[in-house]
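Novice: Fold the following and give me the result.
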Amino acid sequence: MQGLLDLAVSAAHEAGALLRARFASAPTGLTSKSSATDVVSDADRAAEELLVGRLRAACPDDSIIGEEGAALEGRSGRAWLLDPLDGTVNFLYGIPHFCVSVACLDEGGAVVGVVHDPMRGETFATTRGAGATRDGVPIRVSAAVELATSLVATGFGYRAEVRAAQAALLARVLPHVRDVRRGGSAALDLAWLAAGRHDGYYEASLRPWDWAAGALLVREAGGRVEDLPPIARSTPGVIAAGPSIFDALRALVQGG
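Specialist: Below you'll find the model as predicted:
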């Protein structure tokens, strides 16, 4: 696993350097995906191409699935899930809050998770059963015990009907927590939760590459992670928190 982790960190750093170099330039190659506000740029595609090339060269028998279309089959039983630029809207607006997310899965689930923040120079990394780190220093989820004084992160989808359902959910959650943060990158939200910068996190309508690395970080940092049922005909989401507030947050988010 250490070799896979080293590969993931190295590849994420290279992709992050590419994104950082392009950050100050005008975006090119903009196209839309699920809606007019769900955009992808040449920077997303170039970062994914770099990641795929590095991983395929080192692990030719592994499967690779990326947000921007990579779908390479393998026979090793391992699969890489890539989000080359999580936080594209932030990137396009010049907001320095985005990341590269790399996860490796085997038959038992996620085995390696890396979330690299190129603008802050922070790398959150983990392997299954070995704990989580930020730049090599061990991290833990917060010790929050009361939901009312907990800082909770969330995010929103791109389709109008999904956003309407998420807005209604936010209206239910907000009165019962300290405050809510919306950073614009699910992978970073989970990495920050693992590092104790948030107490909880929930978001409906996600894809596996959004959360695979971050969820492993949270678990290895002592937190709990579960699926969230779909809302408004969306994809499932994720809820995560430290162990003392997890049940209360889940009950609040799910209306229990």
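
Novice: Wait, V145 touches F246, no?
Specialist: No - counting by Cβ atoms under 8 Å, V145 does not reach F246; the two are 11.2 Å apart. In this view, the C-beta of every residue, glycine as well, is placed from N, C-alpha and C.

Novice: Between the two, which has more neighbouring residues?
Specialist: Neighbour tally, V145 and F246, criterion other Cβ atoms under 10 Å: the higher count belongs to F246, 19 against 13.

Novice: Could you check the pLDDT of the more buried one?
Specialist: Listed pLDDT for F246 reads 98.

Novice: Not counting sequence-adjacent ones, nearest residue to it?
Specialist: R224 (4.4 Å; Cβ to Cβ, 6 or more residues apart in numbering).

Novice: That neighbour - how many residues pack around it?
Specialist: Neighbour tally, R224, other Cβ under 10 Å: 19.

Novice: center of the protein - which residue?
Specialist: Geometric centre of the chain, nearest residue: A187, 1.8 Å, by Cα atoms, centre = their mean.

Novice: Need phi/psi at that residue.
Specialist: Per-residue torsions, A187: phi -60, psi -40 (degrees, to the nearest 10).

Novice: what sits against the residue nearest to it when sequence neighbours are not counted?
Specialist: Leaving aside its sequence neighbours, A187 sits nearest to S101 (Cβ to Cβ, 6+ apart; 3.9 Å). Counting by Cβ atoms under 8 Å, 6 or more residues apart in numbering, S101 touches 12, 81-83, 86, 114-116, 187, 209-210, 212-214.

Novice: Give me the subset of these lying in strands.
Specialist: L81, L82, D83, D86, V114, V115, H116 (DSSP state E).

Novice: Determine the number of other residues adjacent to R140.
Specialist: By other Cβ under 10 Å, neighbour count at R140 equals 15.

Novice: ok so, going back, my read is the residue nearest to A187 is in a helix, agree?
Specialist: No - with DSSP: H, G, I helix; E, B strand; the rest coil as the criterion, S101 is located in strand rather than a helix.

Novice: Can you pull out the low-pLDDT segments for the stretch 151-256 of the chain?
Specialist: Along the stretch 151-256 of the chain, the parts satisfying pLDDT under 70 run over 256.

Novice: Contacts only, for the residue nearest to the centre of the chain.
Specialist: So A187 contacts D83, D86, C99, S101, V115, D210, W211, A213, G214 (Cβ under 8 Å, 6+ apart).

Novice: quick check, nearest of the ones in strands among the contacts of S101 to R197?
Specialist: V115 (12.5 Å; Cβ to Cβ).
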